[in-house]
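Q: Need coordinates for the following:
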Amino acid sequence: MKTSVVLLVVALALAQLPAQSEPAPKWVRLPSASILMRFYPVAARKNGIEGRAVMDCAVGPGDGHVGGLVDCRIIDETPENMGFGQALLSMAPIFEMEIHDPSNVGARVRIPVHFRP
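A: From the prediction side, this is the model:
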């Protein structure tokens, strides 16, 4: 049986964060490889199709120290209509980041994920 591999590339665009002396927020929770495989679109995986999706989200307030992602949308998906965008949106609640400064809340982040069978 062929082993499937999914790559998560968290190349974040934190350009909208204000200039500050505090460090930028750090990820404290990301989807594991097994979670990524659970969200891999079934038809794409069965047919050996790889894909990519990019999600744009705002950093939510969370508990003031750790925030999740809110107001997420897919800004790129290849190939289209194979479910990669919806798979990534479904994983949004899993992502959490540390918040060092309240002004980071509401900043936009972009999360690209490459799904590879």
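Q: quick one, helices of this structure?
A: Per DSSP state H, the chain carries helices over the ranges 33-39, 42-46, 84-91.
Q: residues of the last one that come out buried?
A: Same thing as helix 84-91. By 16 or more other CB atoms under 10 Å, the buried positions in helix 84-91 come out as 84-85, 87-89, 91. C-beta here means a position set from N, CA and C on the backbone, and glycine is covered the same way.
Q: Reformat the residues you listed as TSV; add pLDDT and distance to residue 36.
A: TSV is the format used below for those (pLDDT from 0 to 100; distance: CB to CB, whole Å):
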residue	pLDDT	distance to residue 36
84	98	11
85	98	14
87	97	9
88	97	10
89	98	14
91	97	7
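Q: Could you tell me which ranges of the protein sit under the pLDDT cut-off?
A: The chain contains residues with pLDDT under 70 at 1-25.
Q: Identify the single longest strand in it, thanks.
A: Criterion DSSP state E: the longest strand present in the chain is strand 66-78.
Q: Show me what that strand is packed against.
A: Packing contacts for strand 66-78, counted by 3 or more CB pairs under 8 Å, 6 or more residues apart in numbering; DSSP states H and E, involve strand 51-59, helix 84-91, strand 96-98, strand 108-116.
Q: mind putting the ones you listed in a markdown table, distance to residue 75 included?
A: Formatted as a markdown table, the helices and strands packed on strand 66-78 follow (distance: least, CB to CB, whole Å):
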| stretch | distance to residue 75 |
| --- | --- |
| strand 51-59 | 5 |
| helix 84-91 | 9 |
| strand 96-98 | 19 |
| strand 108-116 | 7 |
